[in-house]
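[1] Structure for this input, please:
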Amino acid sequence: MPTDIRPLKPTSNEIILDRIRYEGSSDYQRRVPEATKAGVQDTMKALTKYRPIWNEFEAALINRIGTVLARNISWSNPLGIFKQGMLTQGDTIEEIQVGLIKARNYDPDRESLERELFGTHRSEVQANFHKINRMDRYDITINSDLLRRAFLTGTEMGSFVGQLMEAPSTSDQWDEFLLMCQLFPEYSANGGFFKVKSPDVSAPDSTESDAKGLLRLIRMFADKLPFISTKYNAAGMPMHAKKEELILFCTPEVKAAIDVEALAAAFNVEYAAMPARIIVVPEENFGIPGLQAILTTETFFVVADNLLETTSQYNAATLANNYFLHHWEVISASRFAPAILFTSLEGDEEIKLRTPVTGIEAITVTDILGATPTELARGEVYAYNSDAVTTPADGVNNGVRWAVSGNTSNRTYITQAGVLHVGFDEEAATLTVTATTTWIDEDDNMKDGETATSTLPVAGVSGEEWPVEVEVSDITIEGDALTPAFDPETFAYTFSREGGTTGLTADDVVVTGPDRGDLVISINSTTVVVYSPSSPGDPVYTVTVSDPTP
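    This next block holds a predicted model:
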């Protein structure tokens, strides 16, 4: 409803009659002369001669002109600014709120199976349904003879019609205000408000300290509400509120105490000022014992009109018209809106859920094929799981911290997703993986809970980092030793063979030590050379083959 309506100026009967005439039916316009030309008396004579025309005039006067006049001079619901317009379709307003999604740890080495890929990942969703719960009617009877008396002077028609229609309009507005105020105690009785204990500022003997104490609490929670929390709304959903949306409802006594005791005494009024728009409601209309103020948002009220209409019925026996103002609407409150009640009584105890871990199941290990291994191969990855963490009912502590011990290679590690990487150069005979549960104690300290371990042997050939030094331990040709006996520090040897190198192949030369395919054995007319071309700096062994035949 508008709050800055200018006072009405007196309107002459001629202007009102012409306005109705121009908006009337073609029959009405044809039979009724213009008031400004023929005069009011001629107009009224034409109206009263023909009853259907008179009924049309009277209905238009009440429905169009009268309603506008009444709305401007009657009392308006101060909470009407929170209404949500017209509910043009259906009889229910559905209010939906979607919760947050829990984060899951990502590890590119951990496979996503069918549960993650094709499973259902539901987020918390709540819905409230607000149905039409007000269908009121306001009746008034208007006698035609009384209406004709309004034409005695030039401005009495507007005044009379305005007074006539003020009664149902004001009654409607006042009832709507009372119904919206009744939401406060109903909401409180059902545990909707988050209650904060505050000084009793409304008491006549309240002090400046009390007013500043309440103002300090209001400003503190106004700065808390922009952050997501589940504590401050009745549905327990993760919600927040923008500062420009905040509304403070309080009694006249509380507002007067804050204005006089707190704000007037403040050196810097800007910092001490209220952080929200203030709506004043009489204490008796709140109906909540100990109430000081309510801090909420514009979305607290769920109020919408479904029907607001004036109808009429002519009574031939009394020569009167009965008018009926119908008002249907939804009057409800949102469970999702943050709402804080400052009360001089006891506030809500902030309960912290502490769920210590009491147990953890054995660790399971799977390889890349999904099988359970009996040993860990060097250079492979394995998935460790220990999700079955035991906590009290509704416990929230199920975090597991992973660690690997016994490793000799820094390439062996385990991620916080439980993926173990075994280094290809790991020299340890066994590796031990430990899962440690964590929880938050009463002092908000991180604590270690139960642990589970898994120890498996390490298998496979240990590799070396490139470039690799080729360590040769022996060289034989056709099964015979070299001269002198092979020594890795000696690089030149001799070998006696009938015919020299004729017919000698690389398969006849056996190099002991490295099991690698990057060794090269070259044979020319007099020598056999053994070396590794991919490892610069490695030794090159040269064997001179002599022919003992003269």
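[2] Residues contacting the helix or strand hosting Q126, please?
    Using DSSP states H and E, Q126 sits within strand 125-131. Contact with strand 125-131 is made by 91-99, 235, 237, 302, 330, 332, 334-336, as judged by Cβ atoms under 8 Å, 6 or more residues apart in numbering. Every C-beta, even on glycine, is put in place using the N, C-alpha and C of the backbone.
[3] I would like a PyMOL command selecting only the buried ones among these, please.
    Only the buried entries of those go into this PyMOL selection, using 16 or more other Cβ atoms under 10 Å:
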select buried, resi 93+95+97+99+235+237+302+330+332+334+335+336
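[4] which other helices and strands contact the helix ranked longest in the chain?
    With secondary structure taken from DSSP state H, the chain has its longest helix at helix 156-189. Judged by 3 or more Cβ pairs under 8 Å, 6 or more residues apart in numbering; DSSP states H and E, helix 156-189 is in contact with helix 13-23, helix 67-73, strand 134-143, helix 283-286, strand 301-315, strand 320-333.
[5] Help me confirm that P548 is found in a helix?
    No. Applying DSSP: H, G, I helix; E, B strand; the rest coil, one finds P548 to be coil, outside a helix.
[6] Let me know the secondary structure of V404.
    strand.
[7] pLDDT score assigned to it?
    According to the prediction, V404 has pLDDT 94.
[8] For the helices and strands packed on helix 156-189, which has the smallest mean pLDDT value?
    Lowest mean pLDDT of these: helix 67-73, a mean of 50.
[9] Need phi/psi at the residue nearest to I132 when sequence neighbours are not counted.
    Computed as Cβ to Cβ, 6 or more residues apart in numbering, the closest residue to I132 that is not its neighbour in sequence is D91, at 4.6 Å. Phi and psi for D91, reported as degrees, to the nearest 10, are phi -130, psi 10.
[10] isn't D91 right up against E329?
    No. Contact criterion Cβ atoms under 8 Å: D91 and E329 do not qualify, at 10.5 Å.
[11] hey, what's in contact with both of the two?
    Common neighbours of D91 and E329, counting by Cβ under 8 Å, 6+ apart, are I132, N306.
[12] tell me the contacts of E309?
    Applying Cβ under 8 Å, 6+ apart, we find E309 in contact with L325, H326.
[13] go with 6 Å
    The contact partners of E309, by Cβ atoms under 6 Å, 6 or more residues apart in numbering, come to H326.
[14] how close does it get to T453?
    As judged by Cβ to Cβ, to the nearest Å, E309 and T453 stand 76 Å apart.
[15] Over to G460?
    The gap separating G460 from T453 is 22 Å, by Cβ to Cβ.
[16] and if you look at A211?
    Using Cβ to Cβ, A211 is found at 61 Å from T453.
[17] So for those two, which sits in the more crowded spot?
    Comparing A211 with T453 by other Cβ atoms under 10 Å, the one with more neighbours is A211, at 23 against 14.
[18] State the pLDDT value of the residue nearest to I132.
    The predicted local confidence for D91 is 81.
[19] My guess is it contacts N133. True?
    No. Counting by Cβ atoms under 6 Å, D91 does not reach N133; the two are 9.8 Å apart.
[20] low pLDDT regions in the stretch 101-250 of the chain?
    By pLDDT under 70, the low-scoring segments of the stretch 101-250 of the chain are 109-117, 119, 143-165.
[21] what's around T251, how many residues?
    Counted with other Cβ under 10 Å, residues neighbouring T251 total 20.
[22] burial measure for the nearest residue to it once chain neighbours are set aside, as a count.
    Leaving aside its chain neighbours, T251 sits nearest to E283 (4.3 Å; criterion: Cβ to Cβ, 6+ apart). As a burial measure, E283 scores 14 neighbours (other Cβ under 10 Å).
[23] Look up how far A304 lies from the residue nearest to I132.
    From D91 across to A304, the span is 11 Å (Cβ to Cβ).
[24] three-state assignment of the residue lying closest to C250 once chain neighbours are set aside?
    Nearest residue to C250, sequence neighbours excluded (Cβ to Cβ, 6+ apart): A293, at 4.1 Å. Under three-state DSSP, the three-state class of A293 is strand.
[25] So A293 is in contact with I340, correct?
    No. The pair A293 / I340 is not scored as a contact, 8.6 Å apart, by Cβ under 6 Å.
[26] follow-up on the earlier one: what's the angle from the strand holding Q126 to strand 320-333?
    On the basis of axes from the mean of the first three to the mean of the last three Cα atoms, to 10 degrees, strand 125-131 is oriented at 160 degrees to strand 320-333.
[27] change the start of the numbering to 23 and stick with it
    In the new count, where the first residue is 23, that last one comes out as strand 147-153.
[28] who does strand 147-153 pair up with?
    Here strand 147-153 is paired, per DSSP bridges, with strand 114-120 (antiparallel).
[29] Format the CA atom coordinates belonging to the strand it pairs with as CSV.
    Output of strand 114-120 as CSV, limited to C-alpha atoms (Å, rounded to 0.1, in the frame of the first residue of the first chain):
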residue,chain,number,x,y,z
THR,A,114,-1.4,-22.2,-2.9
ILE,A,115,2.0,-20.6,-2.8
GLU,A,116,4.8,-23.1,-2.9
GLU,A,117,8.0,-22.0,-1.3
ILE,A,118,11.1,-24.1,-2.2
GLN,A,119,14.6,-24.0,-0.7
VAL,A,120,17.6,-26.0,-1.9
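[30] Please state the offset of that strand from the chain centre?
    15 Å (Cα atoms, centre = their mean, to the nearest Å).
[31] now the residue nearest to C272: how far from W97?
    The gap separating A315 from W97 is 24 Å, by Cβ to Cβ.
[32] These two: who's more crowded?
    The neighbour count for A315 versus W97, taken as other Cβ under 10 Å, is higher for A315 (27 against 12).
[33] quick one: buried residues of stretch 302-314?
    Buried residues in stretch 302-314, counting neighbours by 16+ other Cβ under 10 Å, are found at V303, F308, I310, L313, Q314.
[34] nearest to S224, of these?
    If you rank these by distance to S224 using Cβ to Cβ, Q314 comes first, at 6.5 Å.
[35] Having no further points to raise, I will conclude here.
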